[in-house]
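Asks: what follows is a predicted structure for the sequence shown.
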Amino acid sequence: ELKVEQNPLFLSMQEGKNYTIYCNYSTTSDRLYWYRQDPGKSLESLFVLLSNGAVKQEGRLMASLDTKARLSTLHITAAVHDLSATYFCAVDNSGYALNFGKGTSLLVTP
Amino acid sequence: GAGVSQTPSNKVTEKGKYVELRCDPISGHTALYWYRQSLGQGPEFLIYFQGTGAADDSGLPNDRFFAVRPEGSVSTLKIQRTERGDSAVYLCASSPTRPGRDEQFFGPGTRLTVL
């Protein structure tokens, strides 16, 4: 059974600071996705990582994938309040079903 | 363009009742997925359709749950004899013809409350 673990589960950080969210998974996969969810809203796709060493950046967020270590990271640079949300990583090893972590609830404070 | 839509947005029902949840995928997307998200958790896979057929329904929790997609577009998730434990947000997603390579686009969800 594929297990996906995120840490931390809760993160409070000051504006302007940097931080990294980690996503570990238990079985081989080269397909990993990051989603953002605002309270009461659905999931918004952030990044699709489809190969070992993949790195993608959008604004203050950068995601990477190390399939050998079964690890993905989501790095936040110079956080701003608008980044406050819950971030999920999801791993696909079946070709269709996404296995989600529990999510990291991020709060950016002044 | 229009995204994935789901109706109703909220559904409150009594234990033992039957409910139907509807999903309208993005036009042209052949792959459709249902997930269930409980409070404080990530979504859990329920079922995957490729066209009209259910390619994998292994995530459905028991035989009270059933889903159809008769014309390869709109899908309906049906829950019989609802239980309080069925309360959750039911999310639908769709993707173009290459599941596993294309991202899945999620709808706003239906929040189901079983009293």
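Replies: All right, it came through fine. Numbering: from 1, shown residues only, chains lettered A, B, ... in the order given.
Asks: just for chain A, where's the confidence low?
Replies: Counting by pLDDT under 70, chain A shows no low-confidence range.
Asks: so which residue of it comes closest to chain B?
Replies: With Cβ to the nearest Cβ, the shortest gap between chain A and chain B falls at residue A:100, namely 3.0 Å. (C-beta placed from N, C-alpha, C; glycine too.)
Asks: so what's the residue count around residue 94?
Replies: No chain specified, so I'll use chain A. Here the number of neighbours of residue A:94 (other Cβ atoms under 10 Å in any protein chain shown) works out to 17.
Asks: my bad, the chain I had in mind was chain B
Replies: Applying other Cβ under 10 Å, we find 26 residues neighbouring residue B:94.
Asks: tell me the pLDDT at it?
Replies: Reported pLDDT at residue B:94 in the predicted model: 94.
Asks: pretty sure it is touching residue B:75, no?
Replies: No: contact status for residue B:94 versus residue B:75: not in contact, 9.0 Å apart, counting by Cβ atoms under 8 Å.
Asks: just checking, residue A:101 touches residue A:4?
Replies: Yes: A contact is recorded between residue A:101 and residue A:4 when judged using Cβ under 8 Å, the distance being 4.3 Å.
Asks: between residue B:94 and residue B:75, which contacts overlap?
Replies: Residues touching both residue B:94 and residue B:75 comprise B:25, B:32, with contact defined as Cβ atoms under 8 Å, 6 or more residues apart in numbering or on different chains.
Asks: buried ones in stretch A:55-72?
Replies: A:61, A:62, A:63, A:64, A:65, A:67, A:70, A:72 (16 or more other Cβ atoms under 10 Å in any protein chain shown).
Asks: dump the residue contacts of the residue lying closest to residue A:48 once chain neighbours are set aside.
Replies: With Cβ to Cβ, 6 or more residues apart in numbering or on different chains as the measure, residue B:103 is the residue that lies nearest to residue A:48, at 4.9 Å, once sequence neighbours are left out. The neighbours of residue B:103, taking Cβ under 8 Å, 6+ apart as the test, are A:33, A:45, A:48, B:95.
Asks: and what of residue B:22?
Replies: B:6, B:7, B:74, B:75, B:76.
Asks: quick one: which of those is nearest chain A?
Replies: Within the contacts of residue B:22, distances to chain A taken as Cβ to the nearest Cβ reach their minimum at residue B:6, with 8.7 Å.
Asks: make sure the closest one is indeed in a strand.
Replies: Yes: secondary structure assignment (DSSP: H, G, I helix; E, B strand; the rest coil) places residue B:6 inside a strand.
Asks: about what we covered before: what count of nearby residues applies to the residue nearest to the residue of chain A closest to chain B when sequence neighbours are not counted?
Replies: In space, and not counting its chain neighbours, residue A:100 is closest to residue B:42: 3.0 Å by Cβ to Cβ, 6+ apart. Residue B:42 is surrounded by 22 other residues when neighbours are defined as other Cβ under 10 Å.
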